[in-house]
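Student: for reference, the sequence and a predicted model appear below.
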Amino acid sequence: MLLAPPDWLLPLRQLYRPNSPPIRSRTRTTRLCCRASLITNSDSFEVGRLIGSYGFMNITSFSGSPGIDAEYSAGDLGRLRVQDVGEGSVKIRLYDGRVTQGPLKGAPVFFKVYPGKRAGGNEADMMAANELNAHISLQDSSDGICQNLVTLIGGFETKTGEQWLAFRNDGKYSAADYGKVMSERVSKSRAGGGQVWNKFEQEETIKRRRYFVTKLLQGTMRGLAYMHDRERLHQSLGPASVILNTIVEREAIYLVPRLRDLAFSVDIRYSNLEGRPGLLSEGLWRRASTAGAFTPMDKRAFGLADDIYEAGLFFAYLAFVPFCEAGTMDGLSLQRLLENTFQLDLGATREYCLADDGLLDTVKFLDLGDGAGWELLQAMLNPDFRKRPMAQTVLNHRFMTVGVL
C-alpha cells in the first residue's frame, strides 16, 4: 500500500549547495531550465514499500592503488576491483512509489534516499549532489533523453537532511538478478539431465541466451556511449548498476537495459580537469597519474578507458555467469581469474575454460564470429589504457552482430 510522504518532507533545495561540485557557466542556463522541469514538491509523490538498500564501501586498494571509494549493491561485489574493503558510513535506501499530481500522475517511480549529514556525513551530500547534477546534465539535451539511462523526474529533502531522488521506474530487475536466475536455471537443468533427454530445447535455450546477453551488452554500451559523448564518466558500471525491464529471454526483443548509479560520475570537460579534483574523483585521477596520464587530454583519455575496462568486466560477467551453474563463477572470482591468474591474457583464459566442461557454453559464445567475443573482451581489458576502444567502437564491433543472428 502506498503512503503519502510525511509532512516533514520539504521541497528539494539544498542539493544545489555552494560547496557542491560547481557547474560551469557553459551549462548554467540549461541546468536551471532542466531543474525547473523536475518535480520538487514532496506532496506530488506517494512512497511505497522499502525495496532494499545500497551501501558505501571504502576500498583501500584498487588494482594496486590505494584510496578509492565505490558504491555497491548487496550480493554484487563483482563490479569492483577489490582487495581490501571496509564498510563506510553512507547507507542508501530504495523505495517504490508513484507520482500523484501533474502530467506524470500515476507514473511509477523508485526513490533513492541518501542519509542526512548526521548519519552519512559530507559524503552522502556530495554523492546526492553529484548524482543529481549528472542526471540533469545528461537529460538536458536537444537530442532527447537516452532510453538506456534511468530518468530522474524529481526529488526533495527532509527536515532531517535526507535527500530523496525520484526516478522513473522502468524495471525492477538488475543484470545481477538476471545472472543469478539464469545460473540457477542452468544448475536445475543439468541436475535433471536436461542436456541428455532434450538436446534440441537446450540448443534453443542457448541461442535465446546468447541473443539476450548480446542485446543487454548493446544497450549498456549505448548508454555508456551517450554519457561519454556528453563528457561524463559512469565510474560504477557493473551488474547491479544496469536495470532491466525484463529477464525473460523469450522477451529479448523488448529488452531495454538502463544505466543507474551515477553518484560517482565524473565530468571530464577540459575545464574541470585543470583544477583540483573533487573528493569523489580523487582516486580516479590518482590512478591516472600512476598510469602516466598528467595532462588534461591524457587524464580524459584515461577516464574514458577506465569506464571501458569496467564495461569489459561486465561483458565478462555476462559471458560467464548466465551460462554456468550457480556457484561455478561469480563476478569477483571471475575478475580475480582474469586479472591475477591470467594477467588479462584472454588466450590463456580460453585454454583454461576449454578444460572445464562447465564453461564450454561460455567458450562457444565468445568463439562466435571466429573468436570475435574473445577479441572484443581482450581489447576492452587491455592493460594499456591507450589501446582500449571507445564505447562507440565497442558497439560497432562485429561480435555485437554475430550474437543476435
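Tutor: Yep, that arrived. Residues are numbered from 1 along each chain as shown.
Student: can you confirm Gly161 is in a strand?
Tutor: No. The assignment for Gly161, made by DSSP: H, G, I helix; E, B strand; the rest coil, is coil rather than a strand.
Student: distance of it from Glu123?
Tutor: Distance from Gly161 to Glu123, counting by Cβ to Cβ, to the nearest Å: 13 Å. In short, each C-beta sits where N, CA and C put it, glycine included.
Student: more neighbours, those two?
Tutor: Glu123 (20 against 16; other Cβ atoms under 10 Å).
Student: which secondary structure element contains the more buried one?
Tutor: Using DSSP states H and E, Glu123 sits in helix 117-139.
Student: after that helix comes which helix or strand?
Tutor: The element immediately downstream of helix 117-139 (helix or strand, assigned by DSSP H and E) is strand 152-158.
Student: elements contacting that following strand?
Tutor: strand 9-11, helix 117-139, strand 163-168 (3 or more Cβ pairs under 8 Å, 6 or more residues apart in numbering; DSSP states H and E).
Student: work out for me the element the residue lying closest to Met400 once chain neighbours are set aside sits within.
Tutor: Nearest non-adjacent residue to Met400, counting by Cβ to Cβ, 6 or more residues apart in numbering: Gln218, 5.8 Å away. Per DSSP H and E, Gln218 falls inside helix 199-229.
Student: now do Phe111
Tutor: Phe111 belongs to strand 108-114, assigned by DSSP H and E.
Student: so which bits of that strand are buried?
Tutor: Val109, Phe110, Phe111, Lys112, Val113, Tyr114 (16 or more other Cβ atoms under 10 Å).
Student: next one: stretch 378-388
Tutor: In stretch 378-388, counting by 16+ other Cβ under 10 Å, buried: Gln378, Ala379, Met380, Leu381, Asn382, Phe385, Arg388.
Student: identify the farthest-apart pair in the residues you listed.
Tutor: Gln378 and Phe385 (14.1 Å; Cβ to Cβ).
Student: re the thing from before, the residue nearest to Met400 is in contact with His397, isn't it?
Tutor: No. Taking contacts as Cβ atoms under 8 Å, Gln218 lies outside contact range of His397: 10.4 Å.
Student: His135 and Leu152, how far apart?
Tutor: Applying Cβ to Cβ, the value for His135 to Leu152 is 4 Å.
Student: show me what the helix holding Gln218 is packed against.
Tutor: Helix 199-229 packs on helix 175-191, helix 194-197, strand 242-244, strand 258-259, helix 296-320, helix 360-380, helix 391-395, helix 399-402, going by 3+ Cβ pairs under 8 Å, 6+ apart.
Student: what is the subsequent helix or strand relative to it?
Tutor: Where DSSP H and E defines the elements, the next helix or strand beyond helix 199-229 is strand 232-233.
Student: how many residues are close by the closest residue in space to Gly223 that isn't next to it in sequence?
Tutor: Excluding the flanking residues, the one nearest Gly223 by Cβ to Cβ, 6+ apart is Asn148, at 3.3 Å. Using other Cβ under 10 Å, Asn148 has 21 neighbouring residues.
Student: for the one 10 residues further on, same thing?
Tutor: Neighbourhood size, Thr158 [other Cβ under 10 Å]: 16.
Student: partner residues bridging it?
Tutor: With DSSP bridges as the criterion, Thr158 is bridged to Leu9.
Student: my guess is it meets Pro115, correct?
Tutor: No. Thr158 lies out of contact with Pro115 (Cβ under 8 Å); the separation is 10.2 Å.
Student: now, of the helices and strands packed on helix 199-229, which is deepest in the fold?
Tutor: Highest mean neighbour count of the helices and strands packed on helix 199-229: strand 242-244, a mean of 25 (counted as mean count of other Cβ atoms under 10 Å).
Student: tell me the strands beside that strand, with direction?
Tutor: When DSSP bridges is applied, strand 242-244 pairs with strand 173-174 (antiparallel), strand 258-259 (antiparallel).
Student: among the ones you listed, which one carries the weakest average confidence?
Tutor: Mean pLDDT per stretch puts strand 173-174 lowest among these, at a mean of 94.
Student: how far away from the center of its chain is that strand?
Tutor: Centre-to-centre, strand 173-174 and its host chain are 11 Å apart (Cα atoms, centre = their mean, to the nearest Å).
Student: same thing with stretch 386-399?
Tutor: 18 Å.
Student: what about it, how long is it end to end?
Tutor: For stretch 386-399, the first and last residues are 22 Å from each other (Cα to Cα, to the nearest Å).
Student: residues contacting that stretch, please?
Tutor: 214, 218, 221-222, 224-225, 228-229, 301, 304-305, 307-309, 311-312, 368-369, 372-373, 375-376, 379-382, 400 (Cβ atoms under 8 Å, 6 or more residues apart in numbering).
Student: one more time with 7 Å, if that's ok
Tutor: With Cβ atoms under 7 Å, 6 or more residues apart in numbering as the contact definition, stretch 386-399 has outside contacts at 218, 221-222, 224-225, 228, 301, 304-305, 308-309, 368-369, 372-373, 376, 379-380, 382.
Student: kindly format the C-alpha coordinates of the strand holding Phe111 as PDB.
Tutor: Extracted C-alpha coordinates of strand 108-114, given in PDB (Å, rounded to 0.1, in the frame of the first residue of the first chain):
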ATOM      1  CA  PRO A 108       5.600   4.500 -11.100                       C
ATOM      2  CA  VAL A 109       8.900   5.700  -9.500                       C
ATOM      3  CA  PHE A 110      11.600   4.500  -7.300                       C
ATOM      4  CA  PHE A 111      13.200   6.700  -4.600                       C
ATOM      5  CA  LYS A 112      16.900   6.600  -3.800                       C
ATOM      6  CA  VAL A 113      17.300   8.000  -0.300                       C
ATOM      7  CA  TYR A 114      20.600   9.500   0.800                       C
END
